[in-house]
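Asker: prediction below, plus the sequence it came from.
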There are 2 protein chains.
Amino acid sequence: MNLRLKRMAKPTRQYHHGNLRSALIEAAIPLLEAQGPGALSLREVAKAAGVSHAAPYRHFADKTALLEEIAARGYDTLTQACHKAQKRYVDDPAQQLVEAGIGYLLFVVEQPRVAHLMFGGMIALDACGEVLQQSSATAFKSLVDIVDGGVKAGVFRTAPAQELTLAAWSMVHGLANLIASGMLTGIADNRREVRRLGRQLAETLLHGMLANDKRT
Amino acid sequence: MNLRLKRMAKPTRQYHHGNLRSALIEAAIPLLEAQGPGALSLREVAKAAGVSHAAPYRHFADKTALLEEIAARGYDTLTQACHKAQKRYVDDPAQQLVEAGIGYLLFVVEQPRVAHLMFGGMIALDACGEVLQQSSATAFKSLVDIVDGGVKAGVFRTAPAQELTLAAWSMVHGLANLIASGMLTGIADNRREVRRLGRQLAETLLHGMLANDKRT
DNA sequence: AGCCAATGTTGACAATGACAACTTAGAGGA
DNA sequence: TCCTCTAAGTTGTCATTGTCAACATTGGCT
């Protein structure tokens, strides 16, 4: 009884947190976005979550493990963006591609530091855990699916298997990185501008750079 | 005379190193490529250069300052790749673009960790020093020049000022990042494969993704 | 010859990642 | 109902690291 009272009175002060794992991740993201991945300290995350400095080690083997988890969640978001685009524009692969790309970009604008975590190599590529590898592979695959659909529907030109996918992925990934790195400050600051940019580049990607009279 | 003898006898043991600044940078790059940017310690770099742990502070205000310098040199390399391509294929903007892009990619394959430093946001975007900002802007500008040349020559289609440049930059930058992140392991492992990939994507960039009968 | 400013060195401190030893509490069996 | 076992948190500690301050060295300039 006494226990229950205590629990109701100050639920945040329980010895056992409940689901510290998620709490740590959610505490970490704002800090990450505020100070950048290099400056993020595990102890600070612990403090933000209201636990002692060593508590995280009960849930993450490593500082890297926490970061990997955050990155993996980022990839999951991208995967979902692809799926959403596919469902929304059935039978219009070009539009699917544009929408998925824009989803990709919007995510990066809102969580640039998380994006850096995903793409920036802070996490050793070779040594990255299975979770991350799985998530990133899945994200890639959902983009491949869209492009594949377009090729099979005859909307995209026929080309060596991955060629088109890689081109599409490279472009959206590149633009995302440029935005996340702040190289496009002034051009892509808010969601509206990013949408416009995304559509613009998609146009170029679909129709090419060459002048009409120079096309083969 | 005595001095000269001493200098010849043990040149590495001089109290004054001579040009420690460069030596530190050159010592840092292999370490960086070996262990990744996160694991790089300034003390380790100092030891590799044969000086004490605080010596670097006579040449770099900060650990970040050293990293920025390395990144800046990377951008300079990219700039040179652009210029080289322009000189080599005068009057063929498309080929200039392809060559510059391949140069970009080759650099990234050989120094992926340096590339991460340049693109990955380890260095705070807003707080990055002038040197870095200057170098990256210059690199961008040399790419813009190539595309501009193509537009003016009527080879590329006319489009809002930066649109084409941004598309080209995004694609090459994206592919470079994918390679550097190790996401294309097995597809782009050596220079030859990277060249092939670069040419392939350039093809798609120039001609577009759409099937012939779908073009406007 | 002698001074001085640039360049290196040693020593110290706080922050951090990581581990070990100890504590708590809540779930499930006797 | 009570007991115990273990997952989850805590405190303490250590090595590493970035950074600064105080001291040492030396080569060039007067």
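Answerer: Received the coordinates, thanks.
Asker: so how far is the top helix by length along chain A off the chain centroid?
Answerer: When chain A is scanned for its longest helix (criterion: DSSP state H), the result is helix A:63-88. Distance, stretch centre to chain centre, for helix A:63-88: 5 Å (C-alpha atoms, centre = their mean, to the nearest Å).
Asker: stretch A:45-63 now?
Answerer: So, by C-alpha atoms, centre = their mean, the centroid of stretch A:45-63 is 23 Å from its chain's centroid.
Asker: and the contacts of that stretch?
Answerer: Identification of contacts with stretch A:45-63 by C-beta atoms under 8 Å, 6 or more residues apart in numbering or on different chains yields A:12, A:17, A:20-21, A:23-24, A:27-28, A:30-31, A:42-43, A:66, A:69. (Glycine included, C-beta is placed from N, CA and C.)
Asker: repeat that with 7 Å
Answerer: The contact list for stretch A:45-63 (C-beta atoms under 7 Å, 6 or more residues apart in numbering or on different chains) reads A:12, A:17, A:20-21, A:23-24, A:27-28, A:31, A:42-43, A:66.
Asker: and for stretch A:131-151?
Answerer: With contacts defined as C-beta under 7 Å, 6+ apart, stretch A:131-151 is touched by A:68-69, A:71-72, A:75-76, A:78-79, A:82-83, A:86, A:93-94, A:96-97, A:100, A:123, A:156, A:158, A:164-165, A:168-169, B:183.
Asker: and the residue of chain A nearest chain B?
Answerer: When scored by C-beta to the nearest C-beta, chain A has A:G174 as its residue closest to chain B, at 2.6 Å.
Asker: picking up where we left off before, ok, and which of the contacts of stretch A:45-63 reach DNA strand C?
Answerer: By C-beta under 7 Å from any atom of the strand, the members of these lying near DNA strand C are A:42-43.
Asker: pLDDT check: weakest of the contacts of stretch A:45-63?
Answerer: Least confident entry in those, by pLDDT: A:T12, with 39.
Asker: so who does the residue nearest to A:Y104 when sequence neighbours are not counted touch?
Answerer: Nearest residue to A:Y104 in three dimensions, chain neighbours excluded: A:V172, at 5.1 Å (C-beta to C-beta, 6 or more residues apart in numbering or on different chains). The contact partners of A:V172, by C-beta under 7 Å, 6+ apart, come to A:101, A:104-105, B:174.
Asker: thinking again about what came up before, take the contacts of stretch A:131-151 and, keeping just the buried ones, write it as a PyMOL select command.
Answerer: Per 16 or more other C-beta atoms under 10 Å in any protein chain shown, the buried members of these correspond to this PyMOL selection:
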select buried, (chain A and resi 68+69+71+72+75+78+79+82+86+93+94+96+97+100+123+156+164+165+168+169) or (chain B and resi 183)
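Asker: follow-up on the earlier one: could you point out which element follows the longest helix of chain A?
Answerer: Next helix or strand after helix A:63-88 toward the C-terminus (DSSP states H and E): helix A:93-110.
Asker: ok now that next one, how far from the chain's centre?
Answerer: Relative to its parent chain, helix A:93-110 has a centroid offset of 11 Å by C-alpha atoms, centre = their mean.
Asker: rewinding a little: now the residue of chain A closest to chain B: how far from DNA strand C?
Answerer: Using C-beta to the nearest atom of the strand, to the nearest Å, A:G174 is found at 30 Å from DNA strand C.
Asker: test my guess that that residue contacts B:A168.
Answerer: No. Counting by C-beta atoms under 7 Å, A:G174 stays clear of B:A168, with 9.5 Å between them.
Asker: same for the host helix or strand of A:A115, what does it pack against?
Answerer: Assigned by DSSP H and E, A:A115 belongs to helix A:112-119. Packing partners of helix A:112-119 (3 or more C-beta pairs under 7 Å, 6 or more residues apart in numbering or on different chains; DSSP states H and E): helix A:20-35, helix A:63-88, helix A:163-180.
Asker: domain-wise, how is chain A divided?
Answerer: The domain map for chain A lists A:1-60, A:62-214, with the assignment taken from automatic domain parsing.
Asker: point out the most buried one among those.
Answerer: Among the domains of chain A, the stretch with the highest mean neighbour count (mean count of other C-beta atoms under 10 Å in any protein chain shown) is domain A:62-214, at a mean of 20.
Asker: any idea how far apart the tips of that one sit?
Answerer: 55 Å (C-alpha to C-alpha, to the nearest Å).
Asker: for the residue nearest to the spatial centre of chain A, give me its contacts.
Answerer: For chain A, A:G74 is the residue whose C-alpha lies nearest the centre (C-alpha atoms, centre = their mean; 3.4 Å). Going by C-beta under 7 Å, 6+ apart, A:G74 touches A:111, A:114-115, A:118.
Asker: remind me which residues of chain A are low pLDDT?
Answerer: Along chain A, segments meeting pLDDT under 70 span A:1-16, A:124-127, A:161, A:216.
Asker: among the domains of chain A, which is nearest DNA strand D?
Answerer: DNA strand D lies closest to domain A:1-60 among the domains of chain A, at 3.0 Å (C-beta to the nearest atom of the strand).
Asker: tell me how far the closest one lies from the chain's centre.
Answerer: The chain centroid and the centroid of domain A:1-60 are separated by 23 Å under C-alpha atoms, centre = their mean.
Asker: please see if it touches DNA strand D.
Answerer: Yes. Domain A:1-60 reaches DNA strand D (C-beta under 7 Å from any atom of the strand) through A:15-18, A:20, A:51-55, A:57-59.
Asker: TSV for those residues, including secondary structure?
Answerer: Output for the residues of domain A:1-60 next to DNA strand D, formatted as TSV (DSSP: H, G, I helix; E, B strand; the rest coil):
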residue	secondary structure
A:Y15	coil
A:H16	coil
A:H17	coil
A:G18	coil
A:L20	helix
A:V51	coil
A:S52	coil
A:H53	coil
A:A54	coil
A:A55	helix
A:Y57	helix
A:R58	helix
A:H59	coil
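Asker: and the furthest pair within those residues?
Answerer: Pairwise distances across those peak at 19.1 Å for A:G18 and A:H53 (criterion: C-beta to C-beta).
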